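show me how the following folds:
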Amino acid sequence: MRVHERFYAFQPKGDDTRVNVPNSRNALIGLKTEKWCKELLAGIARQNNLYAVNSVVCEEIGLSRQSAADLAFCTSADTVQRPENIKVIFEIKMGIVNNYLFNDNADFEFCGDYTTHKGNPSLLRSDSMLKAIGKSINLRVDSSKGKHIPIIILGNSPITSSYVKKVDCLRKSGVIQKFISLYPNPTNHDFVRKTPENGFETFDSPAQIEKYISRLLNSKMNYFSSMMSNKDLGRIISLANAETTDELKGQRFIEMLQL
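Predicted coordinates for the structure are as follows:
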């Protein structure tokens, strides 16, 4: 953006010039960050005998070509997948976070973190958060075939304090497994590094995200959601409890909830 004959990523705070505010995440930035995340996480996928794939389509669980998964770990490198071959879905909500000046040397010069400009980047944007939540809910309710697939939201900023309880609720309810920021030190000011129930967390190193994703992939998980009377719920619990092992009890319980 052009401010007083200088070109910035964002309008600096304290400047009252009337300018058109650009979007910190457009189509080009979206493609770049999705490719960057694929390159970052591809090694973790290989360690688990999987492929990191951008723009994954699976109509059976609501991933259309118009609303594909930004990134997924799959059992093959194909863009079009079946539900059972998708092992984890990543929605990527990254963009320009800090402010930069395009200087006279045709180079970008850092001129302040996100607290110094007027834009809201990445997970600090309500629209980014709401789109990630809405898409995840659609995946959860669209088909029972995708209920085994963990969903992770990847960003490169903190979240606002107003979303602390919401992301923890989403994690506990199983809709989204975690919101993650891959920018460990976005500012010298105070910011939300993690939430009390770990619904959002700032990761400090590649080893930390590798450990988290590998553990998630090796856990057999199921999303379940229902609303029924205590009597019906009690009947399902009693029938599931007749199975011989905890794993079979859990499997039976999930199956009966979906009837």
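
wait, Glu201 touches Thr195, no?
Yes. If you go by C-beta atoms under 8 Å, Glu201 and Thr195 touch, sitting 7.5 Å apart. Every residue, glycine included, has its C-beta placed from N, CA and C.

what's near enough to touch the closest residue to Ser173 other than its chain neighbours?
With C-beta to C-beta, 6 or more residues apart in numbering as the criterion, Ser173 has its nearest non-adjacent residue at 7.3 Å, and that residue is Ser225. Ser225 is in contact with Arg140, Val141, Ser173, Gly174, counting by C-beta atoms under 8 Å, 6 or more residues apart in numbering.

lowest-confidence one in these?
When those are sorted by pLDDT, the bottom entry is Val141 at 81.

now that one: how far from Phe90?
20 Å (C-beta to C-beta, to the nearest Å).

list the contacts of stretch 196-205.
Outside stretch 196-205, the residues touching it (C-beta under 8 Å, 6+ apart) are 123, 158-159, 163-164, 166-172, 176, 178-184, 192-195, 209, 212.

now it: buried residues?
Within stretch 196-205, the residues scored as buried using 16 or more other C-beta atoms under 10 Å are Gly199, Phe200, Glu201, Thr202, Phe203.

pull the distance from it to the chain's centre.
12 Å (C-alpha atoms, centre = their mean, to the nearest Å).

can I get that stretch in CSV? Just the C-alpha atoms.
Only the C-alpha atoms of stretch 196-205 are listed here, as CSV (Å, rounded to 0.1, in the frame of the first residue of the first chain):
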residue,chain,number,x,y,z
PRO,A,196,-5.9,-23.2,29.2
GLU,A,197,-7.2,-26.4,27.5
ASN,A,198,-4.7,-26.3,24.6
GLY,A,199,-7.2,-25.6,22.0
PHE,A,200,-4.7,-23.1,20.6
GLU,A,201,-1.0,-23.4,21.0
THR,A,202,2.1,-21.7,19.6
PHE,A,203,4.7,-24.2,18.5
ASP,A,204,8.4,-23.3,19.0
SER,A,205,10.1,-25.8,16.8
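
how many residues are close by the closest residue to Asp142 other than its chain neighbours?
Excluding the flanking residues, the one nearest Asp142 by C-beta to C-beta, 6+ apart is Gly62, at 3.4 Å. Gly62: 17 surrounding residues under other C-beta atoms under 10 Å.

got a list of what Gly62 touches?
Asn138, Leu139, Asp142, Ser143, Gly146.

report pLDDT for it.
pLDDT, Gly62: 91.

check the spacing between it and His117 real quick.
Gly62 is 36 Å from His117, where distance means C-beta to C-beta.

also Arg215?
37 Å.

ditto for Ile159
18 Å.

kindly report the same for Glu210.
Distance of Glu210 to His117, given as C-beta to C-beta: 32 Å.

the longest strand along the chain packs against which elements?
In the chain, with assignment by DSSP state E, the single longest strand is strand 86-93. Secondary-structure packing of strand 86-93 (3 or more C-beta pairs under 8 Å, 6 or more residues apart in numbering; DSSP states H and E): helix 27-47, strand 69-74, helix 126-142, strand 151-155, helix 206-217.
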